[in-house]
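Student: 3D model of this:
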Amino acid sequence: MINRKIEGFLEKVDMNYLFCLLSKLEAQRLNQFPTYVKHKFPEKITVMAMEHVADNEVPDYITELAEAELAMQQAENPFDDDEGFDFIEETIDDSDKFIEEIKKDSLDDYDDEEEDFFGEPDDTEDSDI
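Tutor: Modelled structure (predicted):
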């Protein structure tokens, strides 16, 4: 077989079907963990599942799962402070205000007889020529 623990369990209990069933359930439980937790396992999942059943001790990996979730959060946002503030960029659409200002502004407000840049009256009219 694979391991002395597994062989000892099968010899003592003589329940091959029960061992296989429990190993399958444990393997399914281990497969439900996220990929980044499964990469930390030292052996294949099936071997680990059979060893857990043979030892009659099933670790829950809660601490590893919490560490992995924290690592994933830090990987998503490496510049996140521990202060707990979430800075979200907020945009305000104020384009309507500027469009209305442009519509109100018309050429009727300007006089044709305004002085030019140097302060002299405009000589475009036909006067004494």
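
Student: tell me how many other residues crowd the residue nearest to L65 when sequence neighbours are not counted.
Tutor: Of all residues not flanking L65 in the chain, V37 sits nearest, at 5.7 Å (C-beta to C-beta, 6 or more residues apart in numbering). All C-beta spots, glycine's among them, are computed from the backbone N, C-alpha and C. V37 is flanked by 17 other residues according to other C-beta atoms under 10 Å.

Student: give me the low-pLDDT residue ranges for the protein?
Tutor: For the chain, applying pLDDT under 70 flags the ranges 1, 14, 60-62, 64, 78-88, 101-129.

Student: which residues of it fall in helices?
Tutor: Ranges of helices in the chain, per DSSP state H, are 4-13, 16-31, 35-38, 45-55, 62-76, 95-104.

Student: winner for burial among those helices?
Tutor: Comparing those by mean neighbour count (mean count of other C-beta atoms under 10 Å), helix 45-55 ranks first with a mean of 19.

Student: distance of V47 from D96?
Tutor: Computed as C-beta to C-beta, to the nearest Å, the V47 to D96 distance reads 66 Å.

Student: brain fart, A54
Tutor: 72 Å.

Student: and L30, by the same measure?
Tutor: 57 Å.

Student: what's the answer for R4, then?
Tutor: Distance, R4 to D96, using C-beta to C-beta: 78 Å.
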